[in-house]
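Please work out how this folds:
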Amino acid sequence: MSTAVWAFIGVVVGGLLTVAAQATAESLKARAAARARQEQRERASQEFQRETLIELQAAMADYRAALDRDKTQLLPLRATEQQLSAARARYQMLVHRVSSSAAREAALAWEAAALPWFQGDDSGTAAAEAETWETAMRVTGEAVRAAD
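Numbering: from 1, shown residues only. From the prediction side, this is the model:
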């Protein structure tokens, strides 16, 4: 074969190798970028859950304080009722955003124990409310630490 044919074959093979190398490099870059985006989404989701859990703890404290204020009033005041309604709405919104089923169940168990106690129902006891409160705070705290 002549030198020109070998040169042509060399150019074609060299070009194909260059294209293959570039395609491989682009594929690797795309995989790395996809992996980075996935990790970023996971970090954002964890941060959202962490913030939601912290907000849930604060909302539960506000709700508990509003229930206590409502219980200690002889006559219901409109302002107290509005505070209680707002605190309960915030709590309910946040409790269903939490992805940790253990934290959600503990918070709901606290509410189930707290409502009878604070509303003067004989079926509720201070000990049951306090115990479920402590459990809910511990479980949500553990979930916050797990989200770090």
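
Surely residue 147 and residue 54 touch.
No. Under the criterion of C-beta atoms under 8 Å, residue 147 is not in contact with residue 54, lying 9.4 Å apart. In this view, the C-beta of every residue, glycine as well, is placed from N, C-alpha and C.

any chance you could map the helices in the chain?
3-72, 78-95, 101-118, 126-147 (DSSP state H).

Comparing these, which comes out most buried?
helix 101-118 (a mean of 19; mean count of other C-beta atoms under 10 Å).

Pipe the helices of the chain into CSV and attach mean pLDDT per row.
Formatted as CSV, these follow (pLDDT from 0 to 100):
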stretch, mean pLDDT
helix 3-72, 90
helix 78-95, 92
helix 101-118, 93
helix 126-147, 93
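
Nearest spatial neighbour of residue 76, chain-adjacent residues omitted?
Distances taken as C-beta to C-beta, 6 or more residues apart in numbering place residue 70 nearest to residue 76, at 7.3 Å, with adjacent residues excluded.

who are the neighbours in contact with the one you found?
76, 80, 81, 84, 118 (C-beta atoms under 8 Å, 6 or more residues apart in numbering).

Quick check: of those residues, which lies closest to residue 27?
residue 84 (58.5 Å; C-beta to C-beta).

wait, the closest one sits on residue 67?
Yes. Contact status for residue 84 versus residue 67: in contact at 6.7 Å, counting by C-beta under 8 Å.

Look up how far residue 94 lies from the most centrally placed residue in the chain.
For the chain, the residue nearest the mean C-alpha position is residue 49 (1.8 Å; C-alpha atoms, centre = their mean). Here the criterion is C-beta to C-beta, to the nearest Å. By it, residue 49 lies 11 Å from residue 94.
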